[in-house]
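S.K.: below are the sequence and a predicted model; questions follow.
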Amino acid sequence: MSKAGKPSKKKSKAKAKEEKIKEAKPSVKEIVEKISEPYEVVSKVLSEVKDIPSEFVDEVRKKLINDYIFKNLTEDQLRSEALELKEKAMRVLKVVEPAKDILPEALYYELVNSLFKACQKYEVRDEELIIIRDDAIRTYLSSMVDPGEPVGTVAAQSIGEPGTQMTLRTFHFAGVRELNVTLGLPRLIELVDAKRVPDTPMMEIHLDEEHKYDKSKAVEIARKIEMTVLENVTSSADIDLTEMRLIITLDPEMLEDKGLTRDEIIKALAKGKTLAGRVHPSEDDPNVIYVDLPKNYNDVLKAQKFRDRLLKIKLKGVKGIKKVIPQERTDPETGRKYYVLITDGSNLEAVLKIEGINPSKVRTNSIHEIETILGIEAAREALIREIKNTLNEQGLDVDIRHVMLLADMMTRSGTVKQIGRHGVVGEKPSVLARAAFEVTVKNLFDASIRGEVDNMRGIAENVIIGQIAPIGTALVELKMNPAKIKSVIKEVERGE
Amino acid sequence: MVSKKVNVIEHELVPKHEVLSPEEAIKVLKELGVRPDQLPYLRASDPVAVAIGAKPGDIVRITRKSPTAGKIVVYRFVIAG
């Protein structure tokens, strides 16, 4: 129905706009034709000039469209230009190809693309291309981490120092006015400690194509997800001991808001075994439900307990999701508006099963939930994202590689482990390193009972006994071969 | 509520996982110069391990999207549990 109504509205709006512009500028139709025309011409040319390397197709297309519009080239000229660009692209690829095995993917494409751009601007000879390529490879190799570099210590310092600048106890509103989200140091500690349930669990649910663009459809799904308990829709719940029943008065306004009716509530309540056959609608008042008390619940205290339990029964929605807020966003590419649901509370498993959402784009800030539902690799990815976001939020610029190393250590064993004595540090092989961290005496006692041996390979234990730690150049050990030395001395003596 | 089968592998957070054949696994271990138990672990009960049918003792190749390197390949050793 809404389909029939909408286009006409759009048309009339477009018409009004068209007329406004008409006097001075060409009509919308003309503009659209003018915009799509160069694209079509260039596409035709490109289909004739085949085999442009896939890395460059977009780049070439952009350039040709540009030339067609601003330089007014004919189709033949475009064709010759496309051929020329293709030849340049092939030349760059031929020279740079050997670097593909050495450079990481992202760097390789950056190099290829910038060389292609340079070739369009300047005359670059093959020998020069080779020099640039080799320079790029050399720079990459020399900036790699050296053997023996204490990356863990560097990462710890790099995250720790900016951490001291974080404001303690900040509650922020992360884009959503209605929700309070833990951020800053408390959130960072929570992540690093691998807390099972975050302080403020939250989800971001993206909808599928059908429900994404329409507010009413988004709200419909929001209602389906939001958990409603009996308490939310009742205005009063009284105990009637003479009749041995509870009198529950429903709030019609709330019913409307949550999209429920009395019959639906009775149905939902009667689902449970204990309540089956005990729930009756009142015949005089359309908003009243009677619930019979069990026979032995004949004193007030027991009846009250029964009532409290009854009020907590879930009528509909997803368990644990207290509030759902549809939020409007704009697609940065198309400029189209769409809706995203932000929730207070998190239940990844149940939300993924809801119809109408985009299951590949559901986010939660509960790392533990991600680990159990999506696996350890997803948890690693989420950890990196969350830590980086928390740091960025506070205006701290920490290189993502430090965060990656942290997440790698936390997920190494196949489960998310905290940093600390129950996790990463607690599993260090060295007794002294563990004792130096926390609970010194207990660690030493336990180690002596078990007869543990310390191999002195880490930093902490070597610092404790005053020995050079095997990091950096101290990692290298020299061994002498006396026989070889003797023969060398003899050679020297003979030679002189 | 209609219950729908959830495909874990399609989620944006989950990188590509694939089980290596024994020959490939040996080649990879030789290349890296490590024993299987020195690799990071992947539990056999991990949702993705279940989805791709990885058994304890397998080696899984994971192709991550990396913000610094574009694409990066890592390996995990499947353990029981």
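M.R.: Looks like it came in fine.
S.K.: what about the helices in the stretch 151-300 of chain A?
M.R.: Ranges of helices within the stretch 151-300 of chain A are A:151-163, A:184-192, A:209-212, A:215-225, A:230-233, A:252-258, A:262-270, A:300-311, based on DSSP state H, counting those that start in this stretch.
S.K.: okay, now the unreliable bits of the chain?
M.R.: Using chain A. A:1-35, A:168-178, A:496 (pLDDT under 70).
S.K.: my bad, the chain I had in mind was chain B
M.R.: Counting by pLDDT under 70, chain B contains low-confidence ranges at B:1-5.
S.K.: show me what residue of it gets nearest to chain A.
M.R.: Among the residues of chain B, B:Gly70 lies nearest to chain A; the distance is 3.0 Å by C-beta to the nearest C-beta. Where C-beta positions appear, they are placed from N, C-alpha and C, glycine not excepted.
S.K.: what's the burial count for residue 81?
M.R.: Looking at chain A here, since you left the chain open. A total of 19 residues lie near A:Glu81 under the criterion other C-beta atoms under 10 Å in any protein chain shown.
S.K.: my bad, the chain I had in mind was chain B
M.R.: Taking other C-beta under 10 Å as the definition, B:Gly81 ends up with a neighbour count of 12.
S.K.: got phi/psi on residue 71?
M.R.: Using chain A. The main-chain torsion angles of A:Lys71 are listed as degrees, to the nearest 10 and equal phi -100, psi 0.
S.K.: try chain B instead
M.R.: phi -140, psi 140.
S.K.: how about it: what's its closest non-neighbour residue?
M.R.: Closest residue in space to B:Lys71, ignoring its immediate chain neighbours: A:Glu105 at 4.4 Å, by C-beta to C-beta, 6 or more residues apart in numbering or on different chains.
S.K.: before we move on, back to that, which stretch among the helices of the stretch 151-300 of chain A comes nearest A:Thr390?
M.R.: Taking C-beta to C-beta as the criterion, A:Thr390 comes closest to helix A:184-192 out of the helices of the stretch 151-300 of chain A, the separation being 4.9 Å.
S.K.: ok, the residue nearest to B:Lys71 - contacts?
M.R.: With contact taken as C-beta atoms under 8 Å, 6 or more residues apart in numbering or on different chains, A:Glu105 is in contact with B:69-71.
S.K.: hmm, which of those are the buried ones?
M.R.: With burial judged by 16 or more other C-beta atoms under 10 Å in any protein chain shown, the buried subset of the contacts of A:Glu105 is B:Ala69.
S.K.: looking at the contacts of A:Glu105, which is nearest A:Pro162?
M.R.: When these are ranked by distance to A:Pro162 (C-beta to C-beta), B:Ala69 comes first, at 23.6 Å.
S.K.: so that closest one is in contact with A:Leu103, correct?
M.R.: No. Taking C-beta atoms under 8 Å as the definition, B:Ala69 is not a contact partner of A:Leu103, at 9.1 Å.
S.K.: for A:Thr330, the count of nearby residues, please.
M.R.: Per other C-beta under 10 Å, the neighbour tally for A:Thr330 reads 10.
S.K.: could you do A:Ile449 as well?
M.R.: Other residues near A:Ile449 come to 8 when the count uses other C-beta under 10 Å.
S.K.: what of A:Lys388?
M.R.: Counted with other C-beta under 10 Å, the burial measure for A:Lys388 works out to 19 neighbours.
S.K.: and B:Arg64, what does it touch?
M.R.: Counting by C-beta under 8 Å, 6+ apart, B:Arg64 touches A:377, A:381, B:15, B:71-74.
S.K.: mind running it again at 7 Å?
M.R.: Applying C-beta atoms under 7 Å, 6 or more residues apart in numbering or on different chains, we find B:Arg64 in contact with B:15, B:72, B:74.
S.K.: ok, and the most crowded of the residues you listed?
M.R.: Each of the contacts of B:Arg64 was scored by neighbours using other C-beta under 10 Å; the highest score is B:Pro15's, at 21 neighbours.
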